[in-house]
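In: below are the sequence and a predicted model for it; my questions follow.
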Amino acid sequence: MIVVKCAQCKRRIFKYQKIGKGRLWHSWKDRIIEDYSVKDGNEVKCQCGNLIGIVEGKWIKMKQYSFTYSGTRTRK
């Protein structure tokens, strides 16, 4: 379970179940456990207005360097 936070204001965006190693390029919607984000059309934003990602079907394409994350990843 990892916690994704905004890079600007450090607020939580969502709790996510990360499987496998590597960077977080996109987030599968069904693996998001708790969602604190603000949806604006197909954009996922923080409460401060920072753009985190764009919804593309079953996943959210994450905008690199606009978020940070911490926690343990599940092995594949």
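Out: Received, thanks.
In: end-to-end on stretch 13-29?
Out: Using Cα to Cα, to the nearest Å, the end-to-end distance of stretch 13-29 comes to 13 Å.
In: just the buried positions in it, please.
Out: Going by neighbour count (16 or more other Cβ atoms under 10 Å), the buried part of stretch 13-29 is 13-16, 18, 24, 27. Using the backbone N, CA and C atoms, a C-beta is placed for each residue, glycine as well.
In: could you do stretch 38-56 as well?
Out: Under 16+ other Cβ under 10 Å, the buried positions of stretch 38-56 are 44-46, 50, 52-53.
In: could I get the residues you listed as TSV with secondary structure and distance to F67?
Out: Formatted as TSV, these follow (DSSP: H, G, I helix; E, B strand; the rest coil; distance: Cβ to Cβ, whole Å):
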residue	secondary structure	distance to F67
V44	strand	10
K45	strand	11
C46	coil	8
N50	coil	8
I52	strand	5
G53	strand	8
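In: quick check, nearest of these to V38?
Out: Closest to V38 out of the buried residues of stretch 38-56 is K45 (4.7 Å), distances taken as Cβ to Cβ.
In: pretty sure the closest one contacts I54?
Out: No: taking Cβ atoms under 8 Å as the definition, K45 is not a contact partner of I54, at 10.3 Å.
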